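# Prediction below, plus the sequence it came from.
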Amino acid sequence: MIEVLNPANGQKVGDAPAMSVSEVNAAIDRTCAAFPAWSRELAKERSERLRRWFERIRDDKAAFAELIVKENGKCLSEAYAEVDYGLGFIEWYAEEAKRVYGDTIPSHAADSAITVVKEPVGPTAAITPWNFPFMMITRKIATALAAGCTMIIKPAEETPLTAYKLLEAAREVGIPEGVFEMVTGDPKAIGARFTSDTRIRKLSFTGSTAVGRLLASASGQTLTRMTLELGGNAPFIIFGDADLQAALDGAVGAKLRNSGQVCISPNRFYVHASIHDAFVERLAERVSRVAVGDGMRDDAAVGPMINRAGFDKVASLVDAARRDGARVVLGGKPHALGGLFYEPTIVTDLDDDAEMAQTEIFGPVFPIYRFETEDEVIERANATEYGLVAYAYTRDLGRGFRLSRALEAGMVILNSGSVGTASVPFGGIKQSGYGREGSYYGIEEYVDVKYVLMSGL
Ligand code: ADP
C-alpha cells in the first residue's frame, strides 16, 4: 500500500493501493475497451453524465475540501476554492461536450464536397501532481470525457485519496468502469506503460520539467501526443506607476497560495527602484501578520511544505541567498511550529544569477529584485528557460500592451495576481511545456481532425 501522511502533523490519513503490473495492465485494457461505446454516445448523453458528476460533488464540497487539507496541507478556505475551481472544469466541459463542431471547406472541384469532422483521439492517460489534488484531475478528465475519449489517471502518491474520492463519485453517477480509470503504484513503471502502449493515443502530464522530458522522450517512440504543463519561473513586475495597494494584494495572494507550491507562483518580483523600498516595507508589514499553521485552523493562511524534500529545497535556497549577500527582511528560517512549516520569507538585494532566480522555489518566499527601465526588466524577466506565466502591474495602457507582446509566456496577467478559471487556455511555452487546458482550446487537444472528400456528386 501507499501510505498517505498529513504534511501538517505527519499522521497517517489513509492508504492507496500500490498496484502490480498486471493490475495496471488490466486497467489500461478496460480504458481501451470502453472507448468505442463511449465515443459513440451522443454528446448530449456524455454532457448529462458530466453534469450529474458536477452536481454530485457540489453537494459534497465539505468532504472533498477537508480531505484535500489533510493530504495536501493547504488551508481549508483554499481547499474550498480549489473544489470550486475544479468543479468549474466539469461544468464547463459538460457544456462544451455539445459544441465540438467541424467545418465545411469550399471545394476545389465542381463534383465534390469537403467536410472536416473532429473525432476523439482515443483512449488517453494522465499523470497529475499533488499541489491541486482535485482540480488537476477534473481539468484533464472532464476535457477528455467531453471530447469522447476515455481516460486512465495516475494521481500523485502524496494525494491519491482525493483522486479516489472523485472516482467514487463518478461511479455513483454512472460514469462507468473503463471510461474513467485510476491506477496508483510505481510512477516510473506506470509512466512507462502509458507511453509504450500504442493503444493510448494521448498523455496529459502536469509536473516537473525533468519528468515531462522523460515522458516526452518515451512518447517519441510511440508518437503518443502530449499535453505538458511543467515548471515555471514567473516574473511579477511592479512599475513605478502601479496601484501599490493592488500590487501588494496581488503579490501576496499569488505567492502564498498553497504556501507557494504552485507552478504559476511568482518566483521573481521585479520592483521599480522608485518604489522598491516602500513596497518592501509594506510587504513585510503585511506578510508578518500572516498566520502559519495546520490548514484546518481557522486563521491559518500558510500551511506546511508537502514533504521533507520540498522543505529542504526552500531552506537551502534561502540559505544560499543569504550566503551570497542577499538581505533577509522577514523570516528566512524554519517556523517555530517545527515539522514541515517554513516561515513566510522576504529576500532583497539578490543578483540575477542567484540560485533562486533560476529555480522554481515552491515555498512561501518573496525574492525581490530592483529594476530601472522597461526594456531592462523585460530582458531580465525573459532570461529564464521557463515560460508559463508573467505578471505585471502598471497603469500605463501602452506599456501594458507592450508587455503583453514582449513577455515570453503562455499567459500574461496585467494588474491581477489571479490566473486560472475554466474558460481560459492555461499552459506555457519554452521549457514550461506545450498544449493548453481549459476553454474551447482545451478540447482541441483531445480530437483529431478528419478531412472527408465526397466526389462524383
Ligand atoms: P513534483 O515535484 O510536483 O512531485 P514530479 O514531476 O516528480 O513533480 O511529479 C508529478 C507526477 O509525476 C506525480 O504523479 C509523480 O508520481 C509522477 N512521476 C514522477 N516520476 C515519474 C516518472 N519517472 N514517470 C512517470 N511519472 C512520474
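Structure's in. What do you need?

# so which strand or helix has His81?
Careful, residue 81 is Ala and not His. Assigned by DSSP states H and E, Ala81 belongs to helix 76-96.

# Show the average pLDDT along that helix.
Mean per-residue pLDDT for helix 76-96: 98.

# Equivalent analysis for stretch 301-317, please.
Here the average pLDDT along stretch 301-317 is 98.

# What residues does this protein have near the ligand?
127-129, 154, 156-157, 187-188, 191, 207-208, 211, 214-215 (Cβ under 6 Å from any ligand atom). The way it works is simple: take the backbone N, C-alpha and C, and place the C-beta from them, glycine included.

# still on that earlier bit, same for the helix holding Ala81, what does it pack against?
Here helix 76-96 touches helix 43-58, helix 61-72, helix 135-147, helix 439-444, going by 3 or more Cβ pairs under 8 Å, 6 or more residues apart in numbering; DSSP states H and E.

# please redo it, this time with the cut-off set to 7 Å
With contacts taken as 3 or more Cβ pairs under 7 Å, 6 or more residues apart in numbering; DSSP states H and E, helix 76-96 sits against helix 43-58, helix 61-72, helix 135-147.

# quick one, that helix and helix 135-147 angle?
On the basis of axes from the mean of the first three to the mean of the last three Cα atoms, to 10 degrees, helix 76-96 is oriented at 10 degrees to helix 135-147.

# OK, contacts around Ser107?
Listed by Cβ atoms under 7 Å, 6 or more residues apart in numbering, the contact partners of Ser107 are 113-114.

# any idea how far it lies from Thr115?
The gap separating Ser107 from Thr115 is 10 Å, by Cβ to Cβ, to the nearest Å.

# Who's the closest spatial neighbour of Ala300, skipping the chain neighbours?
Counting by Cβ to Cβ, 6 or more residues apart in numbering, Gly293 is the residue found nearest to Ala300 once chain neighbours are left out, at 3.9 Å.

# Could I get the contacting residues of Leu330?
Contacts of Leu330 by Cβ under 7 Å, 6+ apart are 284, 287-288, 344-346.

# that older thread, I'd assumed Pro304 was in contact with the residue nearest to Ala300.
No - the criterion here is Cβ atoms under 7 Å, and Gly293 misses it with Pro304 at 8.8 Å.

# Between those two, which is the more surrounded one?
Pro304 (29 against 18; other Cβ atoms under 10 Å).

# Regarding the residue nearest to that one when sequence neighbours are not counted, what is its secondary structure?
In this structure, Pro304 finds its nearest non-sequential neighbour in Leu340, 3.8 Å apart by Cβ to Cβ, 6+ apart. Under the three-state scheme (DSSP: H, G, I helix; E, B strand; the rest coil), the conformation of Leu340 reads as coil.

# Tally up the residues packed near Leu414, please.
With other Cβ under 10 Å as criterion, Leu414 counts 17.

# same deal with Asn415?
15.

# roughly how far apart are it and Ile238?
Taken as Cβ to Cβ, the span from Asn415 to Ile238 is 10 Å.

# between those two, what contacts are shared?
Tyr393.

# about what we covered before: mean neighbour count and mean pLDDT for the helices and strands packed on helix 76-96 - can I get that in a markdown table?
Putting these into a markdown table (neighbours: other Cβ atoms under 10 Å; pLDDT from 0 to 100) gives the following:
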| stretch | mean neighbour count | mean pLDDT |
| --- | --- | --- |
| helix 43-58 | 18 | 98 |
| helix 61-72 | 21 | 98 |
| helix 135-147 | 28 | 98 |
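
# need the contact list for the residue nearest to Pro304.
Taking Cβ under 7 Å, 6+ apart, one finds 7, 304-305, 307-308, 311 in contact with Leu340.

# now do Pro334
With contact taken as Cβ under 7 Å, 6+ apart, Pro334 is in contact with 315, 341-342.

# For those residues, pick the one with the most neighbours.
Tyr342 (27 neighbours).

# Ala26: how many residues sit nearby?
Neighbour number of Ala26 under other Cβ under 10 Å is 14.

# Doesn't it belong to a helix?
Yes - the assignment for Ala26 by three-state DSSP puts it in a helix.

# The ligand versus that one, what's the distance?
Distance, Ala26 to the ligand, by Cβ to the nearest ligand atom, to the nearest Å: 19 Å.

# Next: Ala142.
For Ala142, the distance to the ligand - Cβ to the nearest ligand atom - is 19 Å.

# I'd guessed that residue sits against Trp53; true?
No - applying Cβ under 7 Å as the test, Ala142 and Trp53 come out as separate, 8.3 Å apart.

# Need the overlap of contacts for those two.
Ile90.

# which stretches of the protein aren't confidently modelled?
Of all residues in the chain, none has pLDDT under 70.

# In the stretch 201-350 of the chain, which residue sits nearest the ligand?
With Cβ to the nearest ligand atom, the shortest gap between the stretch 201-350 of the chain and the ligand falls at Gly207, namely 2.8 Å.

# Let me know the secondary structure of the closest residue in space to that residue that isn't next to it in sequence.
Counting by Cβ to Cβ, 6+ apart, Gly207 lies nearest to Pro129, which is 4.7 Å off, once chain neighbours are set aside. Using three-state DSSP, the structure places Pro129 in coil.

# so who does Pro129 touch?
136, 156, 206-207.

# Filter these down to the ones in strands?
In strands, defined here by DSSP state E, the members of the contacts of Pro129 are Thr206.
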